[in-house]
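Trainee: got a predicted model here, sequence first, then my questions.
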Amino acid sequence: PFSKFSKKWEGEFMKDMEMLRIQPPDVILRVTEHINSICDYIQVLIEKDVAYPISGPKGGIFFDVASLGKAYGKLGVTSQDSSFNSNENDSKRNRADFALWKTAKENEPHWDSP
């Protein structure tokens, strides 16, 4: 059911791009067509202890940025002030850790978690 919804809006997007005279992409990737690969990769990260699960409504699978040592943030500016990540999840190991997979909310399309 959600794929019909997605395809409808993808079509609308393509029409808009055509009206703006933007060439269509050579390849269209749809994340929903790669869920199994994504779950497999996240499972590898969990096994390597660079990702970890958090349960509850703000839960999911989070990447542990500390596992990268000083390498994390080298390519960008990272903020360490108190405004960093205002929707912070208190269960994260580090406030810079980010979600690889979020717990589904009620009535959202969802897949089994890695």
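Mentor: Cool, the structure landed.
Trainee: in this structure, what residue spans correspond to helices?
Mentor: Secondary structure of the chain (DSSP state H): helices at 2-19, 35-47.
Trainee: okay, now Ile61: neighbour count?
Mentor: 20 (other Cβ atoms under 10 Å). In this view, the C-beta of every residue, glycine as well, is placed from N, C-alpha and C.
Trainee: typed the wrong thing, it's Ala66
Mentor: 12.
Trainee: one more: the one 5 residues further on?
Mentor: The burial count assigned to Ala71 is 9, neighbours taken as other Cβ under 10 Å.
Trainee: just give me the residue closest to the centre of the chain.
Mentor: Nearest residue to the geometric centre of the chain (Cα atoms, centre = their mean): Leu100, 4.7 Å.
Trainee: contacting residues for that residue?
Mentor: By Cβ atoms under 8 Å, 6 or more residues apart in numbering, the contact set of Leu100 is 42, 45, 51, 60-63.
Trainee: what about it, distance to Pro53?
Mentor: 10 Å (Cβ to Cβ, to the nearest Å).
Trainee: which neighbours do these two share?
Mentor: Residues within reach of Leu100 and of Pro53 at once, by Cβ under 8 Å, 6+ apart, are 60-62.
Trainee: taking the residues you listed one by one, which sit in strands?
Mentor: Among these, the members found in strands (DSSP state E) are 60-62.
Trainee: what is the burial count for the closest residue to Ile28 other than its chain neighbours?
Mentor: Among residues not flanking Ile28 along the chain, Glu10 sits closest, at 7.7 Å (Cβ to Cβ, 6 or more residues apart in numbering). Neighbourhood size, Glu10 [other Cβ under 10 Å]: 13.
Trainee: gap between Glu10 and Lys4?
Mentor: With the distance defined as Cβ to Cβ, Glu10 ends up 11 Å from Lys4.
Trainee: now the worst-scoring helix or strand of the chain on mean pLDDT, how far from the centre of its chain.
Mentor: Evaluated with mean pLDDT, DSSP states H and E, the helix-and-strand set of the chain has its lowest mean pLDDT in helix 2-19, which scores a mean of 90. Averaging C-alpha positions (Cα atoms, centre = their mean, to the nearest Å) puts helix 2-19 21 Å from its chain's average.
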